[in-house]
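Participant: Here is my input, please return the structure:
(chains A, B and C)
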Amino acid sequence: MFYISAASSITHQPTFKNAGFSASLHELTEDSELISPNYKDYIDAALLRRMSKILRMSVACAKTCLEEAEISQPDSIVVGTGLGCLQDTEKFLGTFLTIEGLLPPTSFIQSTHNTIAGQISLSIGNHGYNMTHTQNTLSFEHALIDSMLLLSEDNDHVLVGAADEYIEILDKIQQDLHLPLSGKLSSGASFFMLSKERSANSLAGISAVETIGLVEDIQTEIQRFLTEQNIRSSDLDMVLFPGFELGTSGIILDYFINNEVEIDRIVDYLQFSGIYPTTSAFAMHYAIDRLGQDENLKNILVCNCLNSKNLGLTLIQSLEA
Amino acid sequence: MSVRITGIGVVSAIGLSVKENLLSLKTGKSGIGPVQYLDEKRGLLVGEVKASNQELLEYLEIKNKNISRTSQLGLAAARQALGTTGMDASIKTGIISATSVGGMDRSEDFYVDYLSGDHPDYNLLRSHDSGNTTERIAAELGISGYINTLSTACSSGVNAIMLGARLLLNGKLDRVLVGGTDALTKFTINGFRSLMIYDDQWCRPFDESRTGLNLGEGAGFLLLENEKSIALSGNKTLCYVNGWANAADAYHQTASSPDGKGATLAIQKAISLSGIDVKNISYINAHGTGTKNNDLSESVALKNVFGDQIPPFSSTKPFTGHTLAAAGAIESVFSILAITNQLIYPNLNFQNPIEGTGLVPVTSLLTNKPVKAVLSNSFGFGGNNSSIVFSSDN
Amino acid sequence: MDQLKEDLKKQIIEQLNLEDIQVSEIADDALLFNDEGLGLDSIDALELIVLLEKFHGIQVTKPEEGKEAFMSINTMADYITRRKAEQAV
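Facilitator: Predicted coordinates:
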């Protein structure tokens, strides 16, 4: 097990610098907006002026994690993003397809996926391992797997997180392709400090993460994962899953209900986060926050089936007093 | 630290197979020329893979034709690396690909029609996300389970190899295909032009007169296997990957630091992990893009690590162009071929050393030096620096 | 000339997204690339080259050419005036 010593999220919910937020969540409505802090309090003005939404959210969350974990430099920075820096990508597409002559370079520079991790390293002057995973809905889980590998090698502290940003064209794409979305498209960033050793700052433990791409039998995979962790379904105090579409979500609901998990312990986190590829990072923060609020909770499984072809499983556990 | 490499595959401007690439490297035949396949008017110099999308579809026998060029190039190289290796339920098999553009080759076509309101085909966007690029390759190869994509600009390909090696050593996987793929796009061509580092002439890495890079496209893949996997596959070991490192420069969003800090750290850590003495590095396949900034910074880093005993080095980008996320993977294949064929490749177009560093790369094919250990560098945007060491010994 | 300098300041603020800076805060002789001045960097230098083409029809083909011209608002205004005079010939 590794230890989560800080967690910070900027989302459509009051998550930022607000321990205990999980008690006051409401289902996202059409008019809900991203709840942003005053970024000038967290980011140097010279860097901030160029930053798109996804960069601002990510750097502010990353810096808050360092502060809360009382760690000035992590050994590594690992980021997951499903769609990357969409705002700058779309801006540069528009720029080079419409402007004749010289092109302003800033949006191109900031369009690459690794701008997020790069800007964090630049903001804090970090020279360690700097990685960006992008596997659509499993991007965050892949970042977690890499981070836990680093901790099992020689790292003591890894800053890991995920971010995705909403841009307007996503709504048009969804409508045109008739994607069956059950909620509002949104933005979000969640970052965590993972540490090898337990400390006074430790909030929860992370025991196992697994991704199964192009999954065939979801129920068998969940069963195998839990068996490998020596956990029975009935030991799970909470299962977090994205209530996305009835097919896959239904399979997951059926599995847990048939395996002694009461329905009120199975929570759809998508109603709180809205929809973006890396919502499982929001779910992990939600799980940590719940563990902090209720000492009866021991084992929480995040069961990410946001994309029916891909399954992500993350086991988060409370720490013994 | 060492992991067995049992398969390699490459598609680039200098060939559609390992054999073709090797022949071009030996005969000094560059793949850079005026743009031919991409719908770009300017007559730019690029390193295109010499096949249209339609030709690739037929060659690869792909049924679902809604697929990006990036996926197609990746599939071509990954199939070569996998060879006749069959899937087996008892062997945990994964794939890690790297890409910087993903399906941008199709998204930018969509966006033209979108901007003009001319019935844009939204289906083109189904292949946009980078993860899809890898999923399509995995699906064609019958790989499920650990399927991952890295995107760290120009260092991505090396990072994929590094992550695969770590997953194998950690017992998470028995067998993993690792590499990178990027198609040439208008997005990246215009991007590098906006940075004023796209050379309208043939690129000249490490030359005083260098003024920028030529973009290329392609893919490279390696098959890494542990003992358990080899016992089943019967694959021969080509050589080993012995050391790797990634370090952040944390200097500037696009430029490399003048003191080569991130690059120096990456090279030092990779060599140190390999356990190979710096004196025993036989050849360095440099990042050497041909930009003022990279080549200077990389030269300083080489001096920091090797002092005045710098091993023979060259950049192979005047052959292939800069293939971005594929570069590290393609150049890793070239590094492995350097070991298995005892070759050191020429740095084409070099005439005069950079003032201040005075480093002179290898300028003609060397066949008379033993090549046992090779260092390959890949340095990217955002100060993302990676180095990797291959050798004939474990 | 003063009008040109005033315009330049507005254009720089817009092109470089200098949200918190007012025209009145940029001195004509302040060093643009110095931390004491505006603290601009090499990406800004490229944006300034775009600005010169977009607003003033002046092409700088090599980034190095811009270095001296972009020292301060004064040097930029001088450079623009000189290049325009050359174009008129």
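
Participant: List the contacts of the closest residue to chain A within chain B.
Facilitator: Using Cβ to the nearest Cβ, the single residue of chain B nearest to chain A is B:G382, 2.7 Å away. Glycine gets a C-beta too; all of them are placed from N, C-alpha and C. Taking Cβ atoms under 8 Å, 6 or more residues apart in numbering or on different chains, we find B:G382 in contact with A:112, A:114-115, A:117-119, A:121-122, A:130, B:152-153, B:248, B:253-254.

Participant: change it to 7 Å
Facilitator: Contacts for B:G382 were tallied using Cβ atoms under 7 Å, 6 or more residues apart in numbering or on different chains; they are A:N114, A:T115, A:G118, B:A153, B:Q253.

Participant: ok, and which of these reach chain C?
Facilitator: Under the cut-off given by Cβ under 7 Å from any Cβ of the partner chain, chain C has B:Q253 from the contacts of B:G382 close to it.

Participant: Just the closest of the contacts of B:G382 to chain C, please.
Facilitator: Chain C lies nearest to B:Q253 out of those, by Cβ to the nearest Cβ, at 6.3 Å.

Participant: so of the contacts of B:G382, which ones are in helices?
Facilitator: Among those, the ones falling in helices (DSSP state H) are A:T115, A:G118.

Participant: Closest one of the contacts of B:G382 to A:Q223?
Facilitator: Nearest to A:Q223, judged by Cβ to Cβ, of the contacts of B:G382 is A:N114 at 36.3 Å.

Participant: Count the residues that sit near that closest one.
Facilitator: 30 (other Cβ atoms under 10 Å in any protein chain shown).

Participant: Could you check how far it is from A:S202?
Facilitator: When distances are taken as Cβ to Cβ, to the nearest Å, A:N114 and A:S202 turn out to be 29 Å apart.

Participant: isn't B:G47 right up against B:I32?
Facilitator: Yes. Using Cβ atoms under 7 Å, B:G47 is in contact with B:I32, at 4.8 Å.

Participant: Quickly list what's touching both of these two.
Facilitator: Common neighbours of B:G47 and B:I32 (Cβ under 7 Å, 6+ apart) are B:A13, B:N214, B:G321.

Participant: what's the spacing between the last one and chain C?
Facilitator: I take that to be B:G321. Shown here: B:G321 relative to chain C, a distance of 22 Å by Cβ to the nearest Cβ, to the nearest Å.

Participant: try B:L224
Facilitator: The gap separating B:L224 from chain C is 38 Å, by Cβ to the nearest Cβ.

Participant: Could you confirm that residue falls within a helix?
Facilitator: No. According to DSSP: H, G, I helix; E, B strand; the rest coil, the state of B:L224 is strand, so it is not within a helix.

Participant: is it in a bridge, and if so with what?
Facilitator: B:I5, B:V176 (DSSP bridges).

Participant: contacting residues for it?
Facilitator: Counting by Cβ under 7 Å, 6+ apart, B:L224 touches B:V3, B:R4, B:I5, B:G164, B:A165, B:L168, B:V176, B:V178.

Participant: hmm, back to that, which of the shared contacts of B:G47 and B:I32 has the most neighbours?
Facilitator: Using other Cβ under 10 Å as the neighbour definition, these reach their maximum at B:G321, which records 30 neighbours.

Participant: Now do that residue against B:R42, distance only.
Facilitator: Between B:G321 and B:R42 the distance, using Cβ to Cβ, works out to 15 Å.

Participant: One more: B:L124?
Facilitator: B:L124 sits at a distance of 24 Å from B:R42 (criterion: Cβ to Cβ).

Participant: Now do the SS call for A:V158.
Facilitator: Judged by three-state DSSP, the three-state class of A:V158 is strand.

Participant: what about the residue nearest to it when sequence neighbours are not counted, neighbour count?
Facilitator: The shortest distance from A:V158 to any residue that is not its chain neighbour, by Cβ to Cβ, 6 or more residues apart in numbering or on different chains, is 4.2 Å, and that residue is A:S147. In terms of burial, A:S147 registers 30 neighbours under the definition other Cβ under 10 Å.

Participant: residue contacts, A:I10?
Facilitator: Residues in contact with A:I10, defined by Cβ under 7 Å, 6+ apart, are A:F16, A:S36, A:M57, A:A60, A:C61, A:G188, A:A189.
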